[in-house]
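K.L.:
I need the structure of the sequence given here:
(2 chains)
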Amino acid sequence: MPVPIQPLAVSAYTATSALGHGLESHLAALSATRGGLRPNDFSSAPLACWIGRVEGVEDAALPAAHAVWECRNNRLAWLGLRQDRFLERALDVRQRYGAARVALVLGTSTASIGATEEAYRRLDDDGHMPPDLRRPLIHAPHSLAGFVAEALGLEGPCLTVSTACSSSAKVFASAERLIRLGLADAAVVGGVDTLCDSVLFGFNALELVSPDPCRPFDQARRGISIGEAAGFALLERTGMAPHAPRLLGYGESSDAHHMSTPHPEGLGAELALRDALARANLHADQVDYINLHGTASLKNDEVEAALVTRAFPTTTRASSTKGFTGHTLGAAGILEAAFALQAIEHGLVPANLGCTAPDIACGPQFAWEVEQRRVDTAVSNSFGFGGNNACLVFGRAPA
Amino acid sequence: MSALQVHVEGIGLWSASLADFAALKAQERGEPVTPPPARPAASTLPANERRRAPESVLLAVEVAGQAVAMSGRAAAELGCVFSSAYGDQLISDYMCTTLAHAPTELSPTRFHNSVHNAPAGYWTIATGCHAPSNAISAGHASFGAGLLEAATLCVSEQQPVLLVCSDIAGHGPVGDMSGSQLSFGCALVLSPQVSERSLLRLDLMLEPHAGPMLHPAPRTGAWQEANPMASAAWPLMQNLARGAGECTVAAAETLALRVVMETAA
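P.N.:
Numbers count the residues shown, from 1 in each chain, chains lettered A, B, ... in the order given. Predicted structure coming up:
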């Protein structure tokens, strides 16, 4: 078992998703149990499903100085960076510590593959990409972190984590290690994934896309609704922001089972959870809220519900917020970290939107309706293809 | 800035001309070497998985298997970091081509093989490894950033770590963008403590604001220039083969990582 870590302050954070731009719109939607899914109006060919699309991405043009990074994914990143004064906070941190002392660790599953897809739809007669898209930087997984590093002027360690749906949860772990070893004094972490044909038709090919709005943990769930999101957080040592909520722990594991199906007994998920609680020096009964991975796929929800039921007391509340935002894939880790942090800051346990007839595996921990209650400790689960699991623990700053 | 110290216990290498690290050492001594078969053997994978696995997975698993075998450690106990600048470019080319013409005909298997962590997934499944696995990318700095991430994990957790850095040859319009024209992979098993397994020690130091130093050297026509990962990894691989030397690799756009090698004593 790992040894407990020194908590880090989450001195700023922000989220942009189908629920709106910035934290306030997310809080409002969660408080009112108002979801953001809509019928698919995105894919390049018709596909009958529901999506969590962010309004206004297309209009968020990058500043001219960064035009070489232009693509829909980086537009969403740019839109997300400008919410909740995050850009100013990040620039302030750069000023305080120096550009080379601030790490940047971002998660994404598909980066700007949407731009590569578009280039293939518009190949010229010789089979080459059209001139406006002949920009190598955007046809690589590092496109997002490369753009954000340039936009924020950061010169510290800079990493793209791409482990499918756990990507932007694992960024907290990599950043904590860099700070613990003194290789950075602060870190900008986060993730961005945008809707694209690859994921819409890819998950459709795997028969994992629901024709209706997704229904996490419902007996009649029929698969996921795909969404898009951007989220960022700033990590520093607690002395620099004593009142900010904290990253208390994280856990990572591999299922070693199957590329696209979770371990049937949730072995990897439980290892990640135990690892996270050990690092946070907490017992399961000290967890007030769990934001579940809860994708509404048949297998994930069955396995995760059983894990919650066996690992937590009934005082722990649990819900999936995928019914609000869709599954934002590589951005799910950071988006749901933001929900966990909002639960602590505002005493809000979001409803498990979309479920009317709970799966029999679900225990009394599930919050089917929104609840107002004090949350001191919140966990967020993220499990990805390839059996890649991550679990985060956040907590309130001591009074 | 204080150095991160890691001990190298195993080294894997594969290119079209070099089958493994022993071949590189032989080449350094001026001896003739036999090139490997066109397809990496990736014998760590069960036969049915080997048939199904995409080329990026075969390459990564091949070098990972070599490094772990040399270290004598059990693969299941090693946390792992897989770094690739471009992931599986053959699958990217297939997917973008199919999506442009017949999106509903996309292959489900090729889709789940398209995730950047497919090599990490196949590797952990084949070796029964439940330890944390990571899949990262950092553009032209993917080798140095991978080495930094692996060394950071190794030292902070005081656990041995497997680092795998690999990129296959590109294909089609997306291959034109990557500039990767041949396949190359290398792998290291790193340990925080010196032991009877230790081959060499690496001292790693960050050198910030090193932009000009990290600009690519003028092209000489050497084979490794046709794969950005090979080109970045080559100075360290040569030092490893010679058992001495120091080099500087890019860990980010303007961040250098100085790698000083000390022989185990």
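K.L.:
which pLDDT value does the model give residue B:89?
P.N.:
Residue B:89 is assigned a pLDDT of 97 by the prediction.
K.L.:
how about it, what does it touch?
P.N.:
With contacts taken as Cβ atoms under 8 Å, 6 or more residues apart in numbering or on different chains, residue B:89 has the following neighbours: B:56, B:167, B:168, B:169, B:170, B:171, B:174, B:175, B:178, B:180. The C-beta positions use only the backbone N, C-alpha and C, and glycine is treated the same way.
K.L.:
the fourth one - how many residues pack around it?
P.N.:
Neighbouring residues of residue B:169 were enumerated by other Cβ atoms under 10 Å in any protein chain shown; the total is 19.
K.L.:
returning to what we had before: check the contacts of residue B:89 for the minimum pLDDT and say which it is.
P.N.:
Between the contacts of residue B:89, the one the model trusts least by pLDDT is residue B:171, at 92.
K.L.:
now residue B:262: closest residue in space that isn't a chain neighbour?
P.N.:
Leaving aside its sequence neighbours, residue B:262 sits nearest to residue B:201 (Cβ to Cβ, 6 or more residues apart in numbering or on different chains; 4.4 Å).
K.L.:
wait, residue A:169
P.N.:
Once its chain neighbours are removed from consideration, residue A:169 has its nearest residue in residue A:333; the separation is 3.0 Å (Cβ to Cβ, 6+ apart).
K.L.:
thought residue A:23 was touching residue A:85?
P.N.:
No: proximity of residue A:23 to residue A:85 does not meet the contact threshold set by Cβ atoms under 8 Å, at 10.6 Å.
K.L.:
which one's more surrounded, those two?
P.N.:
residue A:23 (23 against 12).
K.L.:
one step back: restricted to helices, list the contacts of residue B:89.
P.N.:
Using DSSP state H, B:56, B:174, B:175, B:178 are the members of those that sit in helices.
K.L.:
and chain A, which of the residues you listed contact it?
P.N.:
Among those, the residues lying close to chain A (Cβ under 8 Å from any Cβ of the partner chain) are B:174, B:178.
K.L.:
could I get the ones in helices among the contacts of residue B:89 in JSON lines, plus columns for neighbour count?
P.N.:
Rendered in JSON lines, the data for the ones in helices among the contacts of residue B:89 read as follows (neighbours: other Cβ atoms under 10 Å in any protein chain shown):
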{"residue": "B:56", "neighbour count": "27"}
{"residue": "B:174", "neighbour count": "27"}
{"residue": "B:175", "neighbour count": "19"}
{"residue": "B:178", "neighbour count": "22"}
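K.L.:
nearest to residue A:98 among the ones in helices among the contacts of residue B:89?
P.N.:
For those, the closest approach to residue A:98 (Cβ to Cβ) belongs to residue B:178, at 32.8 Å.
K.L.:
what's the helix or strand for the residue nearest to residue A:169?
P.N.:
Taking DSSP states H and E as the criterion, the element that holds residue A:333 is helix A:332-346.
K.L.:
so for the residue nearest the centre of chain B, what's the pLDDT?
P.N.:
Nearest to the geometric centre of chain B sits residue B:165, at 1.3 Å (Cα atoms, centre = their mean). The model reports residue B:165 with a pLDDT of 98.
K.L.:
got it, and residue B:261?
P.N.:
On the pLDDT scale, residue B:261 is placed at 94.
K.L.:
cool, residue B:264 as well?
P.N.:
Residue B:264 is assigned 59 on the pLDDT scale.
K.L.:
find the nearest non-adjacent residue to residue A:353, please.
P.N.:
Once flanking residues are discounted, residue A:353 sits nearest to residue A:323: 3.3 Å by Cβ to Cβ, 6+ apart.
K.L.:
could you do residue A:77 as well?
P.N.:
With sequence-adjacent residues excluded and distances taken as Cβ to Cβ, 6+ apart, residue A:77 is closest to residue A:192, at 4.5 Å.
K.L.:
pretty sure the one you found belongs to a strand, no?
P.N.:
Yes: secondary structure of residue A:192 (DSSP: H, G, I helix; E, B strand; the rest coil): part of a strand.
K.L.:
hmm, it is touching residue A:171, no?
P.N.:
No: contact criterion Cβ under 8 Å: residue A:192 and residue A:171 do not qualify, at 11.4 Å.
K.L.:
what sits in contact with each of the two?
P.N.:
Listed as contacting both residue A:192 and residue A:171 by Cβ under 8 Å, 6+ apart are residue A:106.
K.L.:
quick one: what helix or strand has residue A:118 in it?
P.N.:
When secondary structure is defined by DSSP H and E, residue A:118 falls within helix A:113-121.
K.L.:
which residue does chain B have closest to chain A?
P.N.:
Per Cβ to the nearest Cβ, residue B:121 is where chain B lies closest to chain A, at 2.6 Å.
K.L.:
mind showing which ranges of the stretch 151-265 of chain B have poor pLDDT?
P.N.:
Within the stretch 151-265 of chain B, the set of residues satisfying pLDDT under 70 comprises B:264-265.
K.L.:
which stretches of the stretch 51-200 of chain B form helices?
P.N.:
Counting by DSSP state H, counting those that start in this stretch, residue ranges of the helices within the stretch 51-200 of chain B are B:55-71, B:89-101, B:108-113, B:118-127, B:142-157, B:172-178.
K.L.:
among the ones you listed, which comes closest to residue A:99?
P.N.:
Proximity to residue A:99, assessed across those by Cβ to Cβ, is greatest for helix B:142-157 (16.7 Å).
K.L.:
whether the closest one contacts chain A - can you check?
P.N.:
Yes: using Cβ under 8 Å from any Cβ, helix B:142-157 comes into contact with chain A via B:142, B:145, B:148, B:149, B:152, B:153, B:155, B:156, B:157.
K.L.:
so the residue nearest to residue A:169 makes contact with residue A:162?
P.N.:
No: here residue A:333 does not reach residue A:162: they are 11.7 Å apart, not a contact under Cβ under 8 Å.
K.L.:
which strands or helices does the host helix or strand of residue A:380 pack on?
P.N.:
Residue A:380 belongs to strand A:377-384 when assigned by DSSP H and E. For strand A:377-384, the elements it packs on are helix A:167-180, helix A:267-280, strand A:289-291, helix A:298-311, helix A:332-346, strand A:388-395, judged by 3 or more Cβ pairs under 8 Å, 6 or more residues apart in numbering or on different chains; DSSP states H and E.
K.L.:
show me what the third one is packed up against.
P.N.:
Just to be clear, that refers to strand A:289-291. Packed against strand A:289-291 by the contact rule (3+ Cβ pairs under 8 Å, 6+ apart) you find strand A:317-319, helix A:332-346, strand A:377-384.
K.L.:
the helix or strand just after the longest one pairs with which strands, and in what direction?
P.N.:
Per DSSP H and E, helix A:332-346 leads on to strand A:348-349 as the next helix or strand towards the C-terminus. With DSSP bridges as the test, strand A:348-349 is paired with strand A:371-372 (antiparallel).
K.L.:
what's the partner strand in contact with?
P.N.:
Applying Cβ under 8 Å, 6+ apart, the contact partners of strand A:371-372 are A:317, A:347, A:348, A:349.
K.L.:
surely the residue nearest to the centre of chain B meets residue B:150?
P.N.:
No: under the criterion of Cβ under 8 Å, residue B:165 makes no contact with residue B:150, lying 9.2 Å away.
K.L.:
can you list the buried residues in stretch A:293-313?
P.N.:
In terms of neighbour count (16 or more other Cβ atoms under 10 Å in any protein chain shown), stretch A:293-313 has its buried residues at A:293-297, A:300-309, A:311-312.
K.L.:
anything in that stretch near chain B?
P.N.:
No: using Cβ under 8 Å from any Cβ, stretch A:293-313 never reaches chain B; the gap is at least 12.9 Å.
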